[in-house]
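A.B. asks: coords please:
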Amino acid sequence: MMHRAAVITGVLVAALLCGAAWAQHAGHAGGQKAARKPPAGLSVGAAFSPAGELWVTGLDEKANLFVQTSRDLGASWGPRRILDIQGDPVSADGENRPKIAFGPNGWVVISYTKPLSKPFTGDIRMLRSDDGGRKFSAPFTVHDDRQLITHRFESILFDREGNLNVLWVDKRDAELARAREAGKRAAYDGAAIYGKISKDGARTFGPDLKQADYSCECCRIAMVETPQAGIVALWRHVFPGSIRDHAFAPLSALGKGQAPARASVDEWKLDACPHHGPGMANASTGGFHAVWFGLRKGDAAVHYGRLSAGGNPVGQVRDLPDERAEHADVAASGRKVAIVWRSFDGERTSVRSWVSGDDGATFVLKELMSSTEDNDHPRLVAQGADNYVVWRTERDIHVRKIAW
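C.D. replies: Down below sits the predicted model:
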């Protein structure tokens, strides 16, 4: 059990460094070697355009924000195009990567977090295009609140009606609680989830609206669209007693003060953020497939489980078949389910998959690719009924089709 103890130690160390670009849990080499921390800047966002081109956005070696496209599923790439972001620094550390999304009417948006002068603070910035990405606007700040506080870890998604939905982690309520307590420890745990919606391709937005109080501070937010409930979100939450489990809510609850559903019951008590967010996908029989990292009955692992349509856990929770698994993502197409993750053995990082053809009843483990170079977290990108893994290493961006 040396590995499990080492993982817990690594998570706690990383949690104390919340907001830094830690990428792998210390001790993931079976307690023999600590995983190295890749340099900031390798993380990319990826999406397929309506024409079927694969687009990625990220930072080059000089920290310039670029877009790059491939017409042959990553076998070759066009030249990088540097975007004018007016000198903004950009967070690109895995959990807080730049992102790209395509909507109707030629709309394309690219979002990123701009770190500010104080630690763990930031603004959500965005570029927009009306012509399919040939030209982009100057960057602008998405949220109305302009305090020097946390606005980070945004997620973006166009829904089927063409509305752009944005969610992020926000600490305005925590700061307000601290101010009310005149510098004492405020009775407000973590941060909050805020969001807003644009109906015209990010030209204008509605107001900032709160999704929920007491989110974890440094974990990515998963968003998917459902046929019944529209867009729903899953995030790491701070439940009473500093329990760092997960919460679920539809975006239709924005600004309505409704309590989110509890989506995981690991009962992980932690007074810090593990910097390790969840993934979620629609299940063909209703509800959702979900992956998340947690400490469950003394077992530190990435878990797979099912959620009901309302976001509550149902059925058995299973560990991924890899003690070193980290930063998993999940996608589904009908009864086909794919989970991918990164695994470091002390020398080499592997990207592995766990694939199912029966809606998650059974899975098959596969190894997709590996590298000794520094690397990003793997992410799944859908094109129609197909899913692809996009993984950036120091010298390349790799793309693999998921095969069942």
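A.B. asks: how long is stretch 116-128 from one end to the other?
C.D. replies: 22 Å (C-alpha to C-alpha, to the nearest Å).
A.B. asks: what comes up buried for it?
C.D. replies: Of the residues in stretch 116-128, 116, 120-128 count as buried by neighbour count, 16 or more other C-beta atoms under 10 Å. Every residue, glycine included, has its C-beta placed from N, CA and C.
A.B. asks: Go through those and flag which are in strands.
C.D. replies: Taking DSSP state E, the ones among those that sit in strands are 122-128.
A.B. asks: Please, where are all the helices along this structure?
C.D. replies: Here the chain has its helices, by DSSP state H, at 2-16, 172-180.
A.B. asks: In terms of mean pLDDT, which of the ones you listed ranks lowest?
C.D. replies: Mean pLDDT is lowest for helix 2-16 out of these, coming in at a mean of 41.
A.B. asks: how about the strands in the stretch 301-404 of the chain?
C.D. replies: 313-319, 326-333, 336-344, 349-356, 364-371, 379-383, 386-392, 397-401 (DSSP state E, counting those that start in this stretch).
A.B. asks: In a markdown table, list these along with mean pLDDT and mean neighbour count.
C.D. replies: Listed next are the strands of the stretch 301-404 of the chain as a markdown table, based on pLDDT from 0 to 100; neighbours: other C-beta atoms under 10 Å:
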| stretch | mean pLDDT | mean neighbour count |
| --- | --- | --- |
| strand 313-319 | 96 | 14 |
| strand 326-333 | 97 | 24 |
| strand 336-344 | 98 | 24 |
| strand 349-356 | 98 | 22 |
| strand 364-371 | 98 | 15 |
| strand 379-383 | 97 | 18 |
| strand 386-392 | 98 | 23 |
| strand 397-401 | 98 | 17 |
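A.B. asks: Tabulate those (JSON lines), appending distance to P98.
C.D. replies: As requested, those are exported to JSON lines (distance: least, C-beta to C-beta, whole Å):
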{"stretch": "strand 313-319", "distance to P98": "31"}
{"stretch": "strand 326-333", "distance to P98": "16"}
{"stretch": "strand 336-344", "distance to P98": "19"}
{"stretch": "strand 349-356", "distance to P98": "20"}
{"stretch": "strand 364-371", "distance to P98": "21"}
{"stretch": "strand 379-383", "distance to P98": "12"}
{"stretch": "strand 386-392", "distance to P98": "12"}
{"stretch": "strand 397-401", "distance to P98": "13"}
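A.B. asks: Just want to check the distance between W168 and A191.
C.D. replies: Counting by C-beta to C-beta, to the nearest Å, the gap from W168 to A191 is 9 Å.
A.B. asks: er, F102 I mean
C.D. replies: F102 sits 29 Å away from A191, going by C-beta to C-beta.
A.B. asks: do the same with P104
C.D. replies: For P104 relative to A191 (C-beta to C-beta), the value is 32 Å.
A.B. asks: More neighbours: the two, which one.
C.D. replies: More crowded of P104 and A191, by other C-beta atoms under 10 Å: A191, with 29 against 12.
A.B. asks: Quick check, that one in contact with K171.
C.D. replies: Yes - contact criterion C-beta atoms under 8 Å: A191 and K171 qualify, at 4.6 Å.
A.B. asks: Could you tell me which residues touch both of those two?
C.D. replies: Listed as contacting both A191 and K171 by C-beta atoms under 8 Å, 6 or more residues apart in numbering are 150, 217.
A.B. asks: tell me which of the buried residues of stretch 116-128 is nearest to D396?
C.D. replies: L127 (25.0 Å; C-beta to C-beta).
A.B. asks: How about the contacts made by that closest one?
C.D. replies: With C-beta under 8 Å, 6+ apart, L127 has these contacts: 83, 85, 109-111, 136-139.
A.B. asks: Kindly state which of the strands of the stretch 301-404 of the chain is positioned closest to A253.
C.D. replies: Short answer: strand 313-319, nearest of the strands of the stretch 301-404 of the chain by C-beta to C-beta, at 19.1 Å.
A.B. asks: now for that closest one, which elements pack on it?
C.D. replies: strand 299-307 (3 or more C-beta pairs under 8 Å, 6 or more residues apart in numbering; DSSP states H and E).
A.B. asks: Pull out the buried residues from the strand it packs on.
C.D. replies: Buried-residue list, strand 299-307, by 16+ other C-beta under 10 Å: 300-307.
A.B. asks: Alpha carbons only: can I get it in CSV?
C.D. replies: The C-alpha atoms that make up strand 299-307 are tabulated as CSV, following Å, rounded to 0.1, in the frame of the first residue of the first chain:
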residue,chain,number,x,y,z
ASP,A,299,-8.3,4.7,-1.1
ALA,A,300,-6.8,7.6,-3.2
ALA,A,301,-7.8,6.9,-6.8
VAL,A,302,-9.6,8.1,-9.9
HIS,A,303,-13.1,6.8,-9.8
TYR,A,304,-15.8,6.0,-12.4
GLY,A,305,-19.5,6.0,-11.5
ARG,A,306,-22.9,6.8,-12.8
LEU,A,307,-25.2,9.7,-11.9
